[in-house]
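Enquirer: Model the structure of this input:
(one chain, ligands or ions: 3)
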Amino acid sequence: MSSPIFLGVVGVGGVGTAFLQQLARLPNAPQLVLLARSSQTLLAPAPAYSPAIPAADWATASAAPSLTKSGALKAEEIATYLASAPGRAILVDNTSDINLARQYPTFLKKGISVVTPNKKGFSDDISLWKDIFASAAQGKALVYHESTVGAGLPVLSTLKDLVATGDEVTRIEGVFSGTLSFLFNTFAPASGASDAQWSAVVAQAKELGYTEPDPRDDLNGMDVARKLTILARIAGLEVSKPDSFPIESLIPSELASLPSSADGITQFMTRLPDFDAEMAKVKDTAEKQGKVVRYVGSIDVAAKAVKVGLQYFDKDSAIAGLKGSDNIISFYTKRYGANPLIVQGAGAGGDVTAMGVTADLIKAVERLQ
Ligand SMILES: NC(=O)C1=CN([C@@H]2O[C@H](COP(=O)(O)OP(=O)(O)OC[C@H]3O[C@@H](n4cnc5c(N)ncnc54)[C@H](OP(=O)(O)O)[C@@H]3O)[C@@H](O)[C@H]2O)C=CC1
Ligand SMILES: N[C@@H](CC=O)C(=O)O
Ligand code: NA
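Expert: Ligands and ions are numbered 1, 2, ... in the order given. Alright, predicted model coming up:
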């Protein structure tokens, strides 16, 4: 008989909610014993760690006296609780919190595996990257983070397979942001015309759950830079931090110093329409050359060069023709020669991102049992 696995989930936003729905439908799902959002935590009472929290109906169940309720717990407290469960434990981090990500080594050293779509930890200073994987080895714990690049698309697993089987990856390039893909595909489509205003499309991307919790993290290019940092590291480059290469920002300079608080987000979204003419000019410049503008990234492995920013593309190119929030990621390798291995599909959205998290969870459970 397989041994029980205990699950702690932090973050119940767009991705977290879709993840819980998928978890509820899994046969042999691990037992959900902790569920946290920013100010509340729901726990299965220790020492039995039973009853578990029903993933499909956690909101209703949170009123039940059989579950323990608490305010926000510190990461160390969550780690201690999960490490004391009567079986192996997994943390699923569905937040974008850098402070929680910086605590992954604490979890991993205690033998708690980590599954997450949160890019922050894997793209922070290289010392954290090294600490995460050294701590996983020390605690015999697992780390899965497929949805940190290309949402649920098999991007990291593909790159890891290429590297592990001895192929030589020479270049990785494409569209790595679901939000920026949606913005440019809608604002400046390759076929047909659009009179959409840039700020209105940004608001739509936020509404659809494509953006980061703070949409400025998409517009300033940092989200793409973080993804390229992760890919470059897996490809073998020691990228020291996510801003160690030039990143083109689409944030108007006048709005760059707004606070990073919830109020700062509101002010940014309110004032963005004042700058629609700037993005219209960028679109027109491309149009005059018979092209469209897109936000792309590339990693030249031999030259150790990472680039992130706007580029003009012919209207009949694959990148210009992307639809919706699609990403396209091309891997150029020695084996694949001149025709790259290409991964393409939706690169943002709760359901597709949660699919990557749930698939990672299934892999972790299979290896832990
Ligand atoms: N959305 C997408 O398309 C994709 C997202 N991702 C990544 O997935 C993660 C989640 O994104 P998304 O669901 O869109 O974000 P949301 O803003 O919708 O949800 C974030 C959740 O995290 C909770 N949270 C934040 N900080 C903490 C904390 N310190 N402790 C406990 N809970 C916390 C929030 O709590 P509260 O409910 O109380 O506010 C909220 O429930 C991010 O890292 C993002 O980069 C990756 C690929 C695609
Ligand atoms: N905000 C991100 C979400 C996925 O990583 C994006 O738009 O790509
Ligand atoms: Na992915």
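
Enquirer: Would you point out the helix or strand in this structure whose mean pLDDT is lowest?
Expert: Ranked by mean pLDDT, DSSP states H and E, the weakest helix or strand in the chain is helix 58-61, scoring a mean of 90.

Enquirer: helices or strands next to that one in the packing?
Expert: For helix 58-61, there is no helix or strand it packs on, judged by 3 or more Cβ pairs under 8 Å, 6 or more residues apart in numbering; DSSP states H and E. To be clear about C-beta, it is placed using only N, CA and C from the backbone, and glycine gets the same treatment.

Enquirer: Buried residues, it. List them.
Expert: Across helix 58-61, burial judged by 16 or more other Cβ atoms under 10 Å covers 58, 61.

Enquirer: Please apply the same query to stretch 47-58.
Expert: So, applying 16+ other Cβ under 10 Å, buried residues of stretch 47-58: 49, 52-53, 55, 58.

Enquirer: for stretch 244-261, same thing?
Expert: Residues 245, 247, 250-252, 255, 258 are the ones in stretch 244-261 that count as buried (16+ other Cβ under 10 Å).

Enquirer: Stretch 211-231 now?
Expert: Neighbour-count burial for stretch 211-231 [16+ other Cβ under 10 Å]: 211-212, 214-231.

Enquirer: per-residue pLDDT, M1?
Expert: Model confidence at M1, given as pLDDT, is 57.

Enquirer: nearest residue to the residue nearest the centre of the chain other than its sequence neighbours?
Expert: The residue lying closest to the centre of the chain (Cα atoms, centre = their mean) is T148, at 3.4 Å. Among residues not flanking T148 along the chain, K119 sits closest, at 4.4 Å (Cβ to Cβ, 6 or more residues apart in numbering).

Enquirer: who's in contact with stretch 32-39?
Expert: With contacts defined as Cβ atoms under 8 Å, 6 or more residues apart in numbering, stretch 32-39 is touched by 6-12, 16, 20, 23, 41-44, 49, 52-55, 58, 71-73, 78, 81-82, 85, 95.

Enquirer: before we move on, what about stretch 334-349?
Expert: Residues from elsewhere that reach stretch 334-349 (Cβ under 8 Å, 6+ apart): 14, 150-155, 158, 162, 167-168, 170, 175-179, 181-182, 208-211, 322, 324-333, 352.
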